[in-house]
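Student: Need coordinates for the following:
(one chain, ligands or ions: 2)
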Amino acid sequence: MVTRGFTGKQPGQDRSDRVPPGQHLVDDFPVLATGPAPRVEPEEWKFILKIGPRPVKKWGWSDFNALPQTRMTRDIHCVTSWSKLNTAWEGVLVDDILADAGLGAPTEFVLAHCYDGYSTNMPLADLAGGRAMVALKYDGRSLPREHGGPARLLVPHLYFWKSAKWVNGLQFTARDERGFWELRGYHIYGDPWREQRYTND
Ligand SMILES: Nc1nc2c(c(=O)[nH]1)N[C@H]1C(S)=C(S)[C@@H](COP(=O)(O)O)O[C@H]1N2
Ligand SMILES: [Mo]
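Tutor: Ligands and ions are numbered 1, 2, ... in the order given. Model prediction:
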């Protein structure tokens, strides 16, 4: 008899290993946002790095697309309880953005900023070391507007609210300053494997 165990999946790629506590798998790709999707044409898109209030480097669409492009296939986990396996992205690693700006680690924390006014915070360590990118493509195509196109942050090891859509910059901050949802009751860090959903989890 042929069972799921013999369909070519490697041991250790068992899906249950990949679904954090309190999460369930979906096959579709839900769309979530606090408001309507802003319309940002690639030609007008800008990405700015700031240290505190001070802008230190700015890219337009074509300069940004000229940076090294990396593919990343990862599982994603939304705090509203859906998880999706093997999502395929392409974009620029945060490491490569910082290298192009000639920056190391000006501070330990980062706030991501977006065209819709959304923001979210994380330690720089969670963006560096190949763990995060500014994604320009999903599933081989330019990123759909509802999923954050033209560009979104992808930080797949944290709950998906950290993956800021319509991203337009990263700001280095001296302290871990809370972003939009972190100010409204979501956990400051948001590790799905530790179920850090709300402030005191
Ligand atoms: N700019 C921006 N980014 C955002 C949000 C938002 O409202 N604005 N919502 C966050 C939340 S809560 C989630 S769960 C994911 C949803 O991404 P998706 O619509 O691609 O599934 O985007 C995150 N990034
Ligand atoms: Mo969310």
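
Student: for the residue nearest to Glu43 when sequence neighbours are not counted, what are its contacts?
Tutor: Residue nearest to Glu43 in three dimensions, not counting chain neighbours: Trp61, with 6.2 Å by Cβ to Cβ, 6 or more residues apart in numbering. C-beta coordinates here come from the backbone N, C-alpha and C atoms, glycine included. Trp61 makes contacts with 42-43, 45, 150, as judged by Cβ atoms under 8 Å, 6 or more residues apart in numbering.

Student: same deal with Val31?
Tutor: Taking Cβ under 8 Å, 6+ apart, we find Val31 in contact with 146-147.

Student: So what sits opposite the residue nearest in space to the middle of the chain in the bridge?
Tutor: With distances taken as Cα atoms, centre = their mean, Leu154 lies nearest the centre of the chain, 2.1 Å away. Leu154 forms beta bridges with Met133, as assigned by DSSP bridges.

Student: So it sits against Met133, correct?
Tutor: Yes. Between Leu154 and Met133 a contact is recorded at 5.2 Å, counting by Cβ atoms under 8 Å.

Student: Just read off the phi/psi values of the closest residue to Val94 other than its chain neighbours.
Tutor: In space, and not counting its chain neighbours, Val94 is closest to Leu127: 4.2 Å by Cβ to Cβ, 6+ apart. The phi and psi values for Leu127, taken as degrees, to the nearest 10, are phi -100, psi -20.

Student: CA-only coordinates of stretch 37-57 in PDB, if you can.
Tutor: What follows is stretch 37-57 as a C-alpha-only set of coordinates in PDB (Å, rounded to 0.1, in the frame of the first residue of the first chain):
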ATOM      1  CA  ALA A  37      -3.300  48.800  -0.200                       C
ATOM      2  CA  PRO A  38      -1.400  52.000  -1.200                       C
ATOM      3  CA  ARG A  39      -0.700  52.300  -4.900                       C
ATOM      4  CA  VAL A  40       3.000  52.700  -5.400                       C
ATOM      5  CA  GLU A  41       4.400  52.600  -9.000                       C
ATOM      6  CA  PRO A  42       7.800  51.100  -9.200                       C
ATOM      7  CA  GLU A  43       9.200  54.300 -10.900                       C
ATOM      8  CA  GLU A  44       8.200  56.300  -7.800                       C
ATOM      9  CA  TRP A  45       9.200  53.800  -5.200                       C
ATOM     10  CA  LYS A  46      12.000  54.800  -2.900                       C
ATOM     11  CA  PHE A  47      13.900  52.900  -0.200                       C
ATOM     12  CA  ILE A  48      15.600  54.900   2.500                       C
ATOM     13  CA  LEU A  49      18.000  53.800   5.300                       C
ATOM     14  CA  LYS A  50      18.100  56.100   8.400                       C
ATOM     15  CA  ILE A  51      20.200  56.100  11.500                       C
ATOM     16  CA  GLY A  52      17.800  57.600  14.000                       C
ATOM     17  CA  PRO A  53      16.300  60.700  12.200                       C
ATOM     18  CA  ARG A  54      19.300  61.000   9.800                       C
ATOM     19  CA  PRO A  55      18.800  59.600   6.200                       C
ATOM     20  CA  VAL A  56      22.100  57.800   5.200                       C
ATOM     21  CA  LYS A  57      21.300  56.100   1.900                       C
END
